[in-house]
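Colleague: No letters, just coordinates:
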Ligand SMILES: [Zn+2]
Ligand SMILES: [Zn+2]
């Protein structure tokens, strides 16, 4: 048990082995006012006391985090954490990789997700989508759960937070079935498309959330996408504990490190850092209605 939060330490919902850091990662230099936020994180998987993680984030100018569920237990954890901490908001869903184990209990599990989603602290339905990189769940099962989450997002009016791994065309096609989408209602978390995909998303009004991998040496296509994306349709996230940005690559990620990605994106787009923070804050307020 984690005494500081009263919440149970979660096992990794995706069975990926993570060695928690002794201390939360550093954003090193704080962002200028109005700062930014971490649009997608997994503090339950980080396995560190939430108070310390949030204090480190605040010190870096990261004032809010969206903790994202991948299955029912991490979705519940996210909602409880958001109820306990005013700076934490929640997203709830069954991750595409986690759909197979619950597919036989589909109605019951979807009803639980919908019930969690009714909490005012839940700002998005996610992460949901398609993952054709891993084959942990059959594609037809992933598609059917994605559609169910899309319908929940439309019904509740909450943002749809998409996990799209090597499935761009099919994700876009399924979104098209439900078009038109209200402005600022669709987020591609850990955006992984190229510049052309960024243009397609911009045309449709979809928001692109960039993670620390945009700072990686081999990420030229992703940087071209970030350069092509309109800044008012961009967010920054960590997907902690994964995808730690340069200069901390190799260490576990933490919401504080969003600051590095924000700084990197501002310089890539040749924007004043404080101006980019203002834009991020206004996009966040539109997307998450907080
Ligand atoms: Zn994801
Ligand atoms: Zn994630």
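Modeller: Good, I have the coordinates. Worth saying up front: this structure is predicted, and the values here are computed from it rather than measured. Ligands and ions are numbered 1, 2, ... in the order given.
Colleague: Okay, the residue nearest to residue 58 when sequence neighbours are not counted and ligand 1: tell me how far apart.
Modeller: Closest residue to residue 58 apart from its sequence neighbours, by CB to CB, 6 or more residues apart in numbering: residue 87 at 7.5 Å. For the C-beta atoms, the positions are set from N, CA and C on the backbone; glycine is no exception. From residue 87 across to ligand 1, the span is 22 Å (CB to the ion, to the nearest Å).
Colleague: repeat for residue 188
Modeller: 10 Å.
Colleague: Just give me the neighbour total for the residue of the chain found nearest ligand 1.
Modeller: Using CB to the ion, the closest approach of the chain to ligand 1 is made by residue 163 at 3.5 Å. Residue 163 has 26 neighbours, counted by other CB atoms under 10 Å.
Colleague: three-state assignment of it?
Modeller: For residue 163, the secondary structure call by DSSP: H, G, I helix; E, B strand; the rest coil comes out as strand.
Colleague: just checking, what packs against whichever strand or helix holds residue 187?
Modeller: Here residue 187 sits within strand 186-189, counting by DSSP states H and E. If contacts are counted by 3 or more CB pairs under 8 Å, 6 or more residues apart in numbering; DSSP states H and E, strand 186-189 sits against strand 36-41, strand 122-131, strand 159-165, strand 207-210.
Colleague: That strand pairs with which strands?
Modeller: strand 159-165 (parallel), strand 207-210 (parallel) (DSSP bridges).
Colleague: Out of the helices and strands packed on strand 186-189, the one nearest residue 143 is which?
Modeller: Evaluated over those, closeness to residue 143 peaks at strand 122-131, with 6.7 Å, by CB to CB.
Colleague: next helix or strand past the closest one?
Modeller: Defined by DSSP H and E, the subsequent element after strand 122-131 is helix 139-156.
Colleague: Which parts of that following helix count as buried, going by neighbours?
Modeller: Across helix 139-156, burial judged by 16 or more other CB atoms under 10 Å covers 141-143, 145-146, 148-150, 152-153.
Colleague: I'd like those residues laid out as JSON lines, including pLDDT.
Modeller: Output for the buried residues of helix 139-156, formatted as JSON lines (pLDDT from 0 to 100):
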{"residue": "141", "pLDDT": "98"}
{"residue": "142", "pLDDT": "98"}
{"residue": "143", "pLDDT": "98"}
{"residue": "145", "pLDDT": "98"}
{"residue": "146", "pLDDT": "98"}
{"residue": "148", "pLDDT": "98"}
{"residue": "149", "pLDDT": "98"}
{"residue": "150", "pLDDT": "98"}
{"residue": "152", "pLDDT": "98"}
{"residue": "153", "pLDDT": "98"}
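Colleague: coming back round to it: close enough to count as contact, the residue nearest to residue 58 and residue 54?
Modeller: Yes. Applying CB atoms under 8 Å, one finds residue 87 in contact with residue 54, separated by 5.7 Å.
Colleague: any shared contact partners between the two?
Modeller: Residues touching both residue 87 and residue 54 (CB atoms under 8 Å, 6 or more residues apart in numbering): residue 65.
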